[in-house]
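Participant: Sequence and predicted structure, then a few things I'm wondering about:
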Amino acid sequence: MSTVEHPTPRDQMIAILNQQPADSTYDDLLRELACRRAIQRGLADVQEGRVVGHEEALRRIKSWRN
């Protein structure tokens with residue numbers, strides 16, 4: 001049986017940073033890291049079933065207006 005090693009968060013961040021242009025600003029880098037993290041969290045939510053349908057989402061948004 002083989003084991004699959006998952007990259008650490010640090011290694012993931014380094015890989016993302018290495019993909020960015022050399023003239024990237026701190027804000028550019030932070031925005032990219034935050035975006036990637038948000039995507040990871042969203043995908044985890046989907047895997048865990050923490051989602052709502054379109055109609056339910058619309059209903060919730062409408063309730064915020066009251």
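Facilitator: Thanks, I have the structure now. Residues are numbered from 1 along each chain as shown.

Participant: Buried residues, stretch 18-34. List them.
Facilitator: For stretch 18-34, burial by neighbour count (16 or more other Cβ atoms under 10 Å) applies to residue 32. Yep, even glycine has a C-beta here, placed from its N, CA and C like the rest.

Participant: Dump it to CSV, restricted to CA.
Facilitator: In CSV, the C-alpha atoms belonging to stretch 18-34 read as follows (Å, rounded to 0.1, in the frame of the first residue of the first chain):
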residue,chain,number,x,y,z
ASN,A,18,6.5,31.1,-7.0
GLN,A,19,3.8,31.2,-9.8
GLN,A,20,3.3,35.0,-9.4
PRO,A,21,5.1,37.6,-11.5
ALA,A,22,8.3,39.1,-10.0
ASP,A,23,6.8,42.5,-9.8
SER,A,24,3.8,41.5,-7.7
THR,A,25,3.0,43.7,-4.8
TYR,A,26,2.2,42.5,-1.3
ASP,A,27,-1.4,43.3,-2.0
ASP,A,28,-1.3,41.2,-5.2
LEU,A,29,0.2,38.2,-3.3
LEU,A,30,-2.2,38.4,-0.4
ARG,A,31,-5.2,38.7,-2.7
GLU,A,32,-4.0,35.6,-4.6
LEU,A,33,-3.5,33.6,-1.4
ALA,A,34,-6.8,34.7,0.0
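
Participant: Now find how far off-centre that stretch is within its chain.
Facilitator: How far stretch 18-34 lies from its chain's middle: 15 Å, per Cα atoms, centre = their mean, to the nearest Å.

Participant: Show me the helices in the chain, by range?
Facilitator: Counting by DSSP state H, one finds helices in the chain at the ranges 9-18, 26-47, 54-64.

Participant: okay if I get these as a markdown table plus distance to residue 3?
Facilitator: Formatted as a markdown table, those follow (distance: least, Cβ to Cβ, whole Å):
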| stretch | distance to residue 3 |
| --- | --- |
| helix 9-18 | 16 |
| helix 26-47 | 21 |
| helix 54-64 | 39 |
